[in-house]
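In: Need a 3D model of the sequence below.
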Amino acid sequence: AAAWYASAVSFVAGEEIMGGTSETTFNPDGEMSRAMLVTALYRMAGSPDSAGMVLGEFSDAADVADWAAPAVRWAVQNGILTGTSAATLSPNAPVTREQIVVMLYKFTQSKGITIGTPTAHDNFKGMKDYGSISSWAVDAMNWGYNAHLIQGSTDGRFTVTYCTKPELMSKEEIESVGYQ
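Out: Numbers count the residues shown, from 1 in each chain. This is a model prediction of the structure:
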């Protein structure tokens, strides 16, 4: 039987939004890095020219792989990707649920796409883990909740839609967001 995400994988691979982790492996259950996510967003944006764009003064800019460099430059210059600190970009770090939602929020704003509206935060203050949301992510998480990208779990906590890990989304889950 095909995996529940098979059609999403076929779509993003066919549209060249995402590629595999090798010539023969897609690895939908693997962790997605910050660079992988912005590469998918960059491709969804039509792979705009990022020549001449710089990564700023991030001490780990050299850690950006060649395949991701144009996308990472584009995402930094367009405010979609910010550093994990003032000095570090952490391109190869696993992307957290907050970072995913913030990057999707910034991407949709940059493209003029409306799929949710940040409204009063009262919509999700009742979640048991509301207090653990970072202050820099609250507006985006509210948007994601209103756009139905994230939802509360049966035990009253935030989870990323269909997420099987509490803090990370796999590539398949990101693909489903782009697919739907």
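
In: Backbone dihedrals for Gly52, please?
Out: Torsion angles at Gly52 (phi, psi; degrees, to the nearest 10) stand at phi 90, psi -20.

In: now the strands: where do they sit in the chain?
Out: Assigned by DSSP state E, the strands in the chain fall at 150-152, 158-160.

In: Would you single out the least confident of these?
Out: Taking the average pLDDT of each of the strands of the chain, the minimum falls on strand 158-160, with a mean of 59.

In: Excluding chain neighbours, what is closest to Met18?
Out: Leaving out its chain neighbours, the residue that sits closest to Met18 by Cβ to Cβ, 6 or more residues apart in numbering is Val12, at 4.3 Å. For the C-beta atoms, the positions are set from N, CA and C on the backbone; glycine is no exception.

In: Show me the shaky parts of this protein.
Out: Regions of the chain meeting the criterion pLDDT under 70 cover residues 1, 116-123, 159-180.

In: all helices of it, in order?
Out: Listed in chain order, the helices of the chain (DSSP state H) span 6-14, 34-44, 69-77, 97-111, 138-146, 171-179.

In: Take those and write them to TSV, including distance to Arg157 and mean neighbour count.
Out: Rendered in TSV, the data for the helices of the chain read as follows (distance: least, Cβ to Cβ, whole Å; neighbours: other Cβ atoms under 10 Å):
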stretch	distance to Arg157	mean neighbour count
helix 6-14	25	16
helix 34-44	23	23
helix 69-77	29	22
helix 97-111	11	21
helix 138-146	12	21
helix 171-179	17	22
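
In: Could you save the ones you listed as CSV and add columns showing distance to Ser22?
Out: Below are the helices of the chain laid out as CSV (distance: least, Cβ to Cβ, whole Å):
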stretch, distance to Ser22
helix 6-14, 13
helix 34-44, 14
helix 69-77, 19
helix 97-111, 24
helix 138-146, 31
helix 171-179, 13
